[in-house]
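Structural data only, the sequence is not supplied:
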């Protein structure tokens, strides 16, 4: 639990909520219901074991902050609690609710214990991958998926790591439970294209034979696509996209847009999600309730190939 002021608003509320949900309790010393609610919130912060952070704001001492939040939500009384996620106020409640009702409110926004454990495994896996310890990273990712099979982000990270490591059979096993989803996550769908390319690579013609076929007939799209898939499987991503782009430029709809779909899948795989990091803090004493998230610098290679596809399509 921490007390919020203009001086620490940016760091302890806005920026902190980018890492975990923060529940801001707006109270006053003279408010009887506030005194009843406070211990309930403190108890729940302990019970939820780090899945959310409790912050408190004395409305008498910080009228500018409390006034802006009250105006934003149309609330004129306290206790008033506002939940912050991703640098933004997203929900709130008024009054000294009983513990059960507060739990229901929190459970709408706070990750479950299983989800929190999976996120911890993901964070550890990222560190291990950065250190080059692929086997240990894969163990952590496997645990994250086992803990929460519905976590598509964890499954994607696991699939991507398996395919980068060349473990195609394991990747197929991990992909199969979501293969039939009608609305498949774009990153998982991209892994499905990659997996298909990896499974077909062992029976593909040699690159030399495929290059000869293409030289003999520039519109031999089957050979060109097979060559692209061979590059894709071997993680020669730009070479694969070069071949796929040649198909798109000549026949956008060929084979139910197979070339475009594979091209988009490669772009998806090459694009790493931006880390959730706040912008530089505003000057102390400046009130800005809505925070901002810094974006990851663009990958010039990915950006260039996106432009090439756009030019080919439009």
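Great, that's in hand. From a predicted model like this one, the values you see are computed outputs, not experimental measurements.

ok, what's across the strand from residue 25?
Counting by DSSP bridges, residue 25 forms beta bridges with residue 56, residue 81.

okay but it is in contact with residue 78, surely?
No. In this structure residue 25 lies outside contact range of residue 78 using C-beta atoms under 8 Å: 9.1 Å. Where C-beta positions appear, they are placed from N, C-alpha and C, glycine not excepted.

Need the overlap of contacts for those two.
Common neighbours of residue 25 and residue 78, using C-beta atoms under 8 Å, 6 or more residues apart in numbering, are residue 34.

Kindly list the single helix or strand of the chain that scores lowest on mean pLDDT.
strand 277-278 (a mean of 38; mean pLDDT, DSSP states H and E).

got the residue ranges for the helices in the protein?
Taking DSSP state H as the test, the helices found in the chain are 9, 32-47, 63-73, 99-107, 113-130, 134-147, 152-164, 168-175, 186-200, 207-216, 221-233, 237-250, 254-270, 300-313.

Point out the most buried one among these.
Mean neighbour count (mean count of other C-beta atoms under 10 Å) peaks for helix 9 among those, with a mean of 26.

avg pLDDT for it?
Averaged over helix 9, pLDDT sits at 90.

re earlier: averaging pLDDT over each of the helices of the chain, which comes out lowest?
For the helices of the chain, where the average pLDDT is lowest is helix 113-130, sitting at a mean of 69.

if we can go back for a sec, format the helices of the chain as a markdown table; extra columns: distance to residue 20.
Listed next are the helices of the chain as a markdown table, based on distance: least, C-beta to C-beta, whole Å:
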| stretch | distance to residue 20 |
| --- | --- |
| helix 9 | 17 |
| helix 32-47 | 11 |
| helix 63-73 | 19 |
| helix 99-107 | 12 |
| helix 113-130 | 9 |
| helix 134-147 | 17 |
| helix 152-164 | 16 |
| helix 168-175 | 28 |
| helix 186-200 | 23 |
| helix 207-216 | 49 |
| helix 221-233 | 38 |
| helix 237-250 | 35 |
| helix 254-270 | 28 |
| helix 300-313 | 30 |
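
and of those helices, who's closest to residue 83?
Nearest of those to residue 83, taken as C-beta to C-beta: helix 99-107 at 7.7 Å.

packing partners for that closest one?
helix 32-47, strand 88-94 (3 or more C-beta pairs under 8 Å, 6 or more residues apart in numbering; DSSP states H and E).
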